[in-house]
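**Q** A predicted structure for the sequence below; I have some questions about it.
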Amino acid sequence: MTAMMDREAFEAALRQIGAERYHHLHPFQQMLQNGQLSREQVQAWALNRYYYQSQIPVKDSHILARLQTTELRREWRQRIIDHDGQEASEGQPAQRGGIEKWIALTDGVGLDRAYVESGAGILPGTRFAVDAYVHFVQEKTLLEAIASSLTELFSPNVIGTRVRGMLEHYDFISRETLAYFDKRPVQAKRDSDFALEYCLENARRPEEQEAVLNALRFKCHVLWAQLDALCFAYVAPGLTPADAWQPGTAEKENPRS
Ligand SMILES: O=C(O)c1cc(C(=O)O)c2c(n1)C(=O)C(=O)c1cc(C(=O)O)[nH]c1-2
């Protein structure tokens, strides 16, 4: 049996998984940030990732429903607000949510909004990976469900590199198009600091520590598999499934708006 790790060793083991397995290492991510993709390949990324974005508040609602204290629910419900936004109330302005901002991104790369929101044209690999994430948080222990969000420990770096690279290399990408990412690093740090502390405190046995590490490995695979699907369908030519989005289709009617 594996021995219990102390707090530092456990945290180091989690960070090691990110260093080896996070999607910053994926060839599609690297092509995206290095300006090696066509406009259509960037459209494919934006379209497929919309499905991930759309399911994040669904998965967080499953976690929320399992939390047994007001304090924990308050903390977790902020994640749902971040993605779904909030109507104006009591002198507070309305808050645009992440999903709406992602639609601004797909708009910005010229995709038809109704088509994006319909979810038609999503690759099977994207759908399976994202759905697996939602099922994971329903079926596993609460500790594992919370641990599966820990990839966000690593997202501020990859987001910074991606945004810088895309702005530098693609003339069809503007700051406004990528506004989704403006707030993400701060939100991701807040969320992952909380989730990390929860896991460090609540994994009290070696098996629980192992389960947390495996949940983070699983989530790295969820992200990796989505980029694999994009590579296979849109970078290797001619392998796009017949019912998935075909480059050159679903263009917005007025590409300037
Ligand atoms: O751009 C990225 O590389 C990236 C990565 C991740 C992640 O590591 O899971 C998330 C996000 N973005 C993101 O925008 C987001 O809202 C988000 C929520 C979660 C989660 O697991 O709850 N991960 C991520």
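**A** Structure received.
**Q** could you pull out the helices in the stretch 151-257 of the chain for me?
**A** For the stretch 151-257 of the chain, the helices defined by DSSP state H, counting those that start in this stretch occupy 155-169, 180-202, 206-230.
**Q** reformat those helices as CSV; add mean neighbour count and distance to the ligand.
**A** From N, CA and C alone the C-beta is placed, and that goes for glycine too. CSV is the format used below for the helices of the stretch 151-257 of the chain (neighbours: other CB atoms under 10 Å; distance: least, CB to the nearest ligand atom, whole Å):
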stretch, mean neighbour count, distance to the ligand
helix 155-169, 16, 4
helix 180-202, 17, 5
helix 206-230, 20, 6
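**Q** how many other residues sit next to Ser38?
**A** 12 (other CB atoms under 10 Å).
**Q** now it: phi and psi?
**A** Ser38 adopts backbone torsions of phi -80, psi 170, taken as degrees, to the nearest 10.
**Q** confirm for me that Gly35 is in contact with His169.
**A** Yes. In this structure, Gly35 is within contact of His169 by CB atoms under 8 Å, at 2.5 Å.
**Q** and for these two, which residues touch both?
**A** Shared contacts of Gly35 and His169, defined by CB atoms under 8 Å, 6 or more residues apart in numbering, are absent.
**Q** what's the longest helix in this protein?
**A** The residue-count maximum for a helix in the chain (DSSP state H) belongs to helix 39-66.
**Q** that helix: what's the following helix or strand?
**A** Next along the chain after helix 39-66, taking DSSP states H and E as the criterion, comes helix 70-84.
**Q** for that following helix, packing partners?
**A** helix 39-66, helix 98-108, helix 180-202 (3 or more CB pairs under 8 Å, 6 or more residues apart in numbering; DSSP states H and E).
**Q** what about 10 Å?
**A** helix 39-66, helix 98-108, helix 142-147, helix 180-202 (3 or more CB pairs under 10 Å, 6 or more residues apart in numbering; DSSP states H and E).
**Q** dump those helices to CSV, plus mean pLDDT and distance to Trp76.
**A** Putting the helices and strands packed on helix 70-84 into CSV (pLDDT from 0 to 100; distance: least, CB to CB, whole Å) gives the following:
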stretch, mean pLDDT, distance to Trp76
helix 39-66, 98, 5
helix 98-108, 97, 15
helix 142-147, 98, 9
helix 180-202, 96, 9
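**Q** give me the number of residues near Asp107?
**A** 18.
**Q** ok, now how distant is the closest residue to it other than its chain neighbours from Arg205?
**A** Of all residues not flanking Asp107 in the chain, Arg113 sits nearest, at 6.2 Å (CB to CB, 6 or more residues apart in numbering). Per CB to CB, to the nearest Å, Arg113 is found 49 Å from Arg205.
**Q** so which of those two has more stuff around it?
**A** Arg113 (13 against 9).
**Q** so the more buried one sits against Lys252, correct?
**A** Yes. Between Arg113 and Lys252 a contact is recorded at 7.3 Å, counting by CB atoms under 10 Å.
**Q** contacts only, for the nearest residue to Gly85 once chain neighbours are set aside.
**A** Distances taken as CB to CB, 6+ apart put Gly97 closest to Gly85, at 2.8 Å, once the chain neighbours are dropped. For Gly97, the contact set (CB atoms under 10 Å, 6 or more residues apart in numbering) comprises 53, 57, 80-86, 103.
**Q** equivalent analysis for Ala9, please.
**A** 3, 209.
**Q** and it, what element?
**A** helix 7-21.
**Q** for that helix, which positions count as buried?
**A** Going by neighbour count (16 or more other CB atoms under 10 Å), the buried part of helix 7-21 is 10, 14, 17-18, 21.
**Q** and the gap between Glu40 and the ligand?
**A** Using CB to the nearest ligand atom, to the nearest Å, Glu40 is found at 20 Å from the ligand.
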